[in-house]
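In: just the structure for this:
(2 chains)
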Amino acid sequence: QKEVEQNSGPLSVPEGAIASLNCTYSDRGSQSFFWYRQYSGKSPELIMFIYSNGDKEDGRFTAQLNKASQYVSLLIRDSQPSDSATYLCAVNRGGGSEKLVFGKGTKLTVNP
Amino acid sequence: DTGVSQDPRHKITKRGQNVTFRCDPISEHNRLYWYRQTLGQGPEFLTYFQNEAQLEKSRLLSDRFSAERPKGSFSTLEIQRTEQGDSAMYLCASSHRGLAKNIQYFGAGTRLSVL
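Out: Down below sits the predicted model:
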């Protein structure tokens, strides 16, 4: 089982719709969870981070964490064509380790 | 520019040559990370420094790879005797211990092509 799993997509949604991106992780002790956006040929850009169970909202983005189910998601409301990118889920297990473990990413396309 | 800076942006080299990349972290960030990303994959952790101390290394970091951060500011990543399998994007990130937990900001990366 991979440490961090994401559906590779592509996920295609119409402009204005809600895009839902999902991520599961295998290490139950994981403590910090991050979503990065990566445009083609560019480096990852931090969008959201979440540490506690529940929802965290920032503008059009909502991160949801369920540690019991080892599941973290990202919702993008009112999707725009500029949101078209690969979304990377990253997890840090803490306990003295500072590395981020990334999933492969989900490619999102928002169609005008 | 207050972001993470990496140099060069692109490097083309022949198999067997040595290459060195540089990373300048965000000012006052005391933690610096190196990752490697290949096409279609997420970044893979290579190593991490807190100030000048290298505190964590991945098994991916073979004997041909070495990283330094001599004065706790910029860092270099050297690959000796490059192989075609080393072709990848090498990403540097930095974070500040004590601020929001382990939030890492990435530089633009150095794309390595080994011919």
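In: and the most centrally placed residue in chain B, what does it touch?
Out: By C-alpha atoms, centre = their mean, the mean C-alpha position of chain B lies nearest to B:Trp34, the distance being 3.1 Å. Contacts of B:Trp34 were listed using C-beta atoms under 8 Å, 6 or more residues apart in numbering or on different chains, and they are B:23, B:45-48, B:67, B:75, B:77, B:90-92. The C-beta positions use only the backbone N, C-alpha and C, and glycine is treated the same way.
In: quick one: which of the residues you listed is most hemmed in?
Out: Neighbour count (other C-beta atoms under 10 Å in any protein chain shown) singles out B:Cys92 as the most crowded of those, with 29 neighbours.
In: near chain A, which residues of chain B?
Out: Within reach of chain A by C-beta under 8 Å from any C-beta of the partner chain, chain B has these residues: B:31, B:33, B:35, B:40-45, B:48, B:50, B:55-56, B:58, B:89, B:91, B:95, B:100-109.
In: list buried residues within those.
Out: Among these, those classed as buried by 16 or more other C-beta atoms under 10 Å in any protein chain shown are B:31, B:33, B:35, B:42-45, B:48, B:50, B:56, B:58, B:89, B:91, B:95, B:102, B:104-109.
In: so of those residues, which ones are in strands?
Out: Counted as lying in strands by DSSP state E, out of those, are B:31, B:33, B:35, B:44-45, B:48, B:50, B:56, B:89, B:91, B:95, B:105-106.
In: export these to JSON lines and tack on pLDDT?
Out: JSON lines is the format used below for those (pLDDT from 0 to 100):
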{"residue": "B:Arg31", "pLDDT": "93"}
{"residue": "B:Tyr33", "pLDDT": "96"}
{"residue": "B:Tyr35", "pLDDT": "97"}
{"residue": "B:Glu44", "pLDDT": "96"}
{"residue": "B:Phe45", "pLDDT": "96"}
{"residue": "B:Tyr48", "pLDDT": "94"}
{"residue": "B:Gln50", "pLDDT": "92"}
{"residue": "B:Glu56", "pLDDT": "91"}
{"residue": "B:Met89", "pLDDT": "97"}
{"residue": "B:Leu91", "pLDDT": "98"}
{"residue": "B:Ser95", "pLDDT": "92"}
{"residue": "B:Tyr105", "pLDDT": "94"}
{"residue": "B:Phe106", "pLDDT": "96"}
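In: pull the most distant pair out of those.
Out: The distance between the two most remote of those (C-beta to C-beta) is 23.9 Å, for B:Gln50 and B:Met89.
In: the closest residue to chain B within chain A - how many residues pack around it?
Out: Residue of chain A nearest chain B, by C-beta to the nearest C-beta: A:Phe102 (3.0 Å). Neighbour count of A:Phe102, defined by other C-beta under 10 Å: 25.
In: and what about B:Lys71, helix, strand or coil?
Out: At B:Lys71, secondary structure determined by DSSP: H, G, I helix; E, B strand; the rest coil is coil.
In: list the buried ones in stretch A:4-18?
Out: Of all the residues in stretch A:4-18, those buried under the rule 16+ other C-beta under 10 Å are A:4-6, A:11, A:13.
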